[in-house]
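In: what follows is a predicted protein model with its sequence.
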Amino acid sequence: MPGTGKYWFRAKRYGWGWGLPLTWQGWVVLVAYVLSIALSAILFEPHGQPYAFAAFVILATLALSAVCWLKGEPPRWRWGKDRE
């Protein structure tokens, strides 16, 4: 696939969105996302402070989505193997 090296995240084969990272930069972003969710569970106990926990998770997910949008393959609905 020409030009794949510039993308950090590959588009999913089925559906809309992105799959696992293609580059080390993408893996760093994904690990940072997972660690931020774990940290938010420690800082804002989900049973004790559900709104703060949910807000933190939403913000982290929006940040991950923004990076995927900027550094990933262009998203579109896919049905499997492309016929291009």
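Out: Great, that's in hand.

In: separation between the residue sitting nearest the centre point of the chain and residue 54?
Out: Note on the chain: the residue nearest the mean C-alpha position is residue 64, at 4.5 Å, using C-alpha atoms, centre = their mean. Residue 64 is 16 Å from residue 54, where distance means C-beta to C-beta, to the nearest Å. Every C-beta, even on glycine, is put in place using the N, C-alpha and C of the backbone.

In: where does this protein have low pLDDT?
Out: Where the chain drops to pLDDT under 70, the residues are 1-5, 80, 82-84.

In: helix or strand right after the top helix by length along it?
Out: Longest helix in the chain by number of residues, with DSSP state H as the criterion: helix 50-71. Next helix or strand after helix 50-71 toward the C-terminus (DSSP states H and E): strand 78-79.

In: so which elements touch that following strand?
Out: strand 14-15 (3 or more C-beta pairs under 8 Å, 6 or more residues apart in numbering; DSSP states H and E).

In: show the subsequent helix or strand relative to the strand it packs on.
Out: strand 18-21.

In: check which residues of that next one are buried.
Out: Buried residues in strand 18-21, defined by neighbour count with 16 or more other C-beta atoms under 10 Å: 18, 21.

In: any residues touching stretch 12-31, and which ones?
Out: 4-5, 7-11, 64, 67-68, 71-73, 75-81 (C-beta atoms under 8 Å, 6 or more residues apart in numbering).

In: with just CA atoms, put it into PDB.
Out: C-alpha atoms of stretch 12-31 as PDB (Å, rounded to 0.1, in the frame of the first residue of the first chain):
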ATOM      1  CA  LYS A  12     -10.100  -0.900   9.900                       C
ATOM      2  CA  ARG A  13     -10.800  -3.500   7.300                       C
ATOM      3  CA  TYR A  14     -14.500  -3.800   8.200                       C
ATOM      4  CA  GLY A  15     -16.500  -0.800   9.500                       C
ATOM      5  CA  TRP A  16     -15.400   2.700  10.200                       C
ATOM      6  CA  GLY A  17     -12.500   3.900  12.200                       C
ATOM      7  CA  TRP A  18      -8.900   2.800  12.900                       C
ATOM      8  CA  GLY A  19      -7.200  -0.400  14.000                       C
ATOM      9  CA  LEU A  20      -3.900  -1.100  15.700                       C
ATOM     10  CA  PRO A  21      -1.000   1.300  15.200                       C
ATOM     11  CA  LEU A  22       1.400   0.900  12.300                       C
ATOM     12  CA  THR A  23       4.400   2.900  13.800                       C
ATOM     13  CA  TRP A  24       6.100   3.300  17.200                       C
ATOM     14  CA  GLN A  25       4.600   6.700  17.500                       C
ATOM     15  CA  GLY A  26       1.100   5.200  17.200                       C
ATOM     16  CA  TRP A  27       2.000   2.600  19.900                       C
ATOM     17  CA  VAL A  28       3.200   5.400  22.200                       C
ATOM     18  CA  VAL A  29      -0.100   7.200  21.700                       C
ATOM     19  CA  LEU A  30      -2.100   4.000  22.400                       C
ATOM     20  CA  VAL A  31      -0.100   3.100  25.500                       C
END
